[in-house]
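> coordinates for the following, if possible.
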Amino acid sequence: MAAKRVRVTYTKDQLSQYFDRLNIPEANRRYDVASLNNEDTLKYLAYIKKQQLAAIPFENLSLHYSTHHKISIHPQELFRKIIADNNGRGGYCMEANGLFGTLLHSLGFNVYSGGARVWAGGEWTGWSHMVNLVTIGDVKYHVDVAFGADGPVVPMPLDRTGTVQPHISPATARLQWRNIPGTTDPNQRLWVFEHRRNDGAEWDMKYCYTELEFLPSDYNNMNYFTSTSNKTFFTREIVFDKKLLDEQGEYAGSVIISNNVMKWRIHGEKVKQIEFETEEQRLGALEEHLGIRFGEAEWDGIRGLPSQLK
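The predicted structure follows:
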């Protein structure tokens, strides 16, 4: 008989450290959502998702600034890197969504994760992205904290009517239950996440997924390719996105880094931009604006890589 897989659960002390990182006041900290009704459970899910997006960035810095250029997706290693090290770090999809999924499980949410295909350059990447799927009452929600600027910012119900959901104004988002380009069977259906920059813009496909639960072995394969292949942009380019909240605690925009450019985008408009010519400038900006500090060994890690600023 095969051994039953035991899911990692964070301790109460770890959850407290997690809440510290998310800047959640003591009065708003819940360590078990079992006593909440469905409406309040959904509100709390939306709240901690927002706090995570504002505190923990989507980024791939370890693939460039490190001595090893590797990504571990074990939940305890994710906790150490993103929470315990207290260095402002985040991670790419299988890191940030993996961490968040373990948090949700530890709080008593009914959650599992699945793989997604990303639409890029007019084709699908294959299974390279992770999403969390949370069931509250009779409704399943799509929850993603690690897709970058155009990723969903609220839990999205798997609603086949394609109801438009909020995003950072003036953008909106929706899920479509439909066939996708590239399949040979027209009867196949997947959930397709789409983003629109404003009400007058066209809908852009971002990724698609099924409701199939992926296992750790699936993510080990996905993570190995995504973090090592020169065919993925993660190994060639530096990417970073962290959500910004206004004084009322609502979404206002993002701070974004793409290679040698750092910009602040508020409600769809670029309000500030910095361009880097050297590694010293980029690393200095990471520390000054984002509190991310790298040591000498990590600085040296990028030497000779295509992503190095020379």
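
> the helices in the protein, which residues?
Taking DSSP state H as the criterion, the chain carries its helices at 12-21, 38-55, 75-79, 93-106, 216-228, 279-290, 296-301.

> which residues in the stretch 101-250 of the chain form strands?
Residue ranges of the strands in the stretch 101-250 of the chain, as given by DSSP state E, counting those that start in this stretch, are 110-120, 123-136, 139-143, 156-157, 165-166, 172-178, 190-196, 204-209, 239-245.

> on that earlier part again, any chance of the helices of the chain in CSV, with mean neighbour count and distance to Asn187 too?
No exception for glycine: its C-beta is placed from N, CA and C like everyone else's. Conversion of the helices of the chain to CSV gives the following (neighbours: other C-beta atoms under 10 Å; distance: least, C-beta to C-beta, whole Å):
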stretch, mean neighbour count, distance to Asn187
helix 12-21, 16, 43
helix 38-55, 18, 32
helix 75-79, 18, 37
helix 93-106, 25, 29
helix 216-228, 17, 25
helix 279-290, 16, 47
helix 296-301, 13, 48
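
> can you say which of those is nearest to Leu158?
helix 38-55 (13.4 Å; C-beta to C-beta).

> what score does Gly121 have for pLDDT?
For Gly121, the pLDDT comes out at 87.

> ok, the one 10 residues further on next?
As predicted, Val131 sits at a pLDDT of 98.

> my read is that it contacts Val145, right?
No. In terms of C-beta atoms under 8 Å, Val131 does not count as a neighbour of Val145; the distance is 9.6 Å.

> let me have the strands of the stretch 101-250 of the chain in JSON lines, extended by mean neighbour count and distance to Thr184.
As requested, the strands of the stretch 101-250 of the chain are arranged in JSON lines below (neighbours: other C-beta under 10 Å; distance: least, C-beta to C-beta, whole Å):
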{"stretch": "strand 110-120", "mean neighbour count": "20", "distance to Thr184": "15"}
{"stretch": "strand 123-136", "mean neighbour count": "20", "distance to Thr184": "13"}
{"stretch": "strand 139-143", "mean neighbour count": "20", "distance to Thr184": "26"}
{"stretch": "strand 156-157", "mean neighbour count": "18", "distance to Thr184": "28"}
{"stretch": "strand 165-166", "mean neighbour count": "16", "distance to Thr184": "31"}
{"stretch": "strand 172-178", "mean neighbour count": "18", "distance to Thr184": "15"}
{"stretch": "strand 190-196", "mean neighbour count": "21", "distance to Thr184": "14"}
{"stretch": "strand 204-209", "mean neighbour count": "20", "distance to Thr184": "16"}
{"stretch": "strand 239-245", "mean neighbour count": "19", "distance to Thr184": "32"}
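
> hmm, back to that, for Tyr31, find the nearest of the helices of the chain.
With C-beta to C-beta as the yardstick, what comes closest out of the helices of the chain is helix 12-21 (5.8 Å).

> show me what the closest one is packed up against.
Other helices and strands packing on helix 12-21, by 3 or more C-beta pairs under 8 Å, 6 or more residues apart in numbering; DSSP states H and E, are helix 93-106.

> and the helix it packs on, what does it pack against?
For helix 93-106, the packing partners by 3+ C-beta pairs under 8 Å, 6+ apart come out as helix 12-21, helix 38-55, helix 75-79, strand 110-120, strand 123-136, helix 216-228.

> circling back to that earlier point, got any residues that touch both of Val131 and Val145?
Asn97 (C-beta atoms under 8 Å, 6 or more residues apart in numbering).

> buried residues of stretch 26-34, list them for me.
Within stretch 26-34, the residues that qualify as buried by neighbour count (16 or more other C-beta atoms under 10 Å) are 30, 33.

> between the two ends of it, how far is it?
End-to-end span of stretch 26-34 (C-alpha to C-alpha, to the nearest Å): 18 Å.

> got the contact list for the closest residue to Gln308 other than its chain neighbours?
Counting by C-beta to C-beta, 6 or more residues apart in numbering, Ile302 is the residue found nearest to Gln308 once chain neighbours are left out, at 4.9 Å. Going by C-beta under 8 Å, 6+ apart, Ile302 touches 64-65, 279, 308.

> possible to save the residues you listed as JSON lines with pLDDT and distance to Asp40?
What follows is the contacts of Ile302, written out as JSON lines (pLDDT from 0 to 100; distance: C-beta to C-beta, whole Å):
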{"residue": "His64", "pLDDT": "97", "distance to Asp40": "41"}
{"residue": "Tyr65", "pLDDT": "97", "distance to Asp40": "41"}
{"residue": "Glu279", "pLDDT": "96", "distance to Asp40": "47"}
{"residue": "Gln308", "pLDDT": "96", "distance to Asp40": "49"}
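
> all good on my end, thank you.
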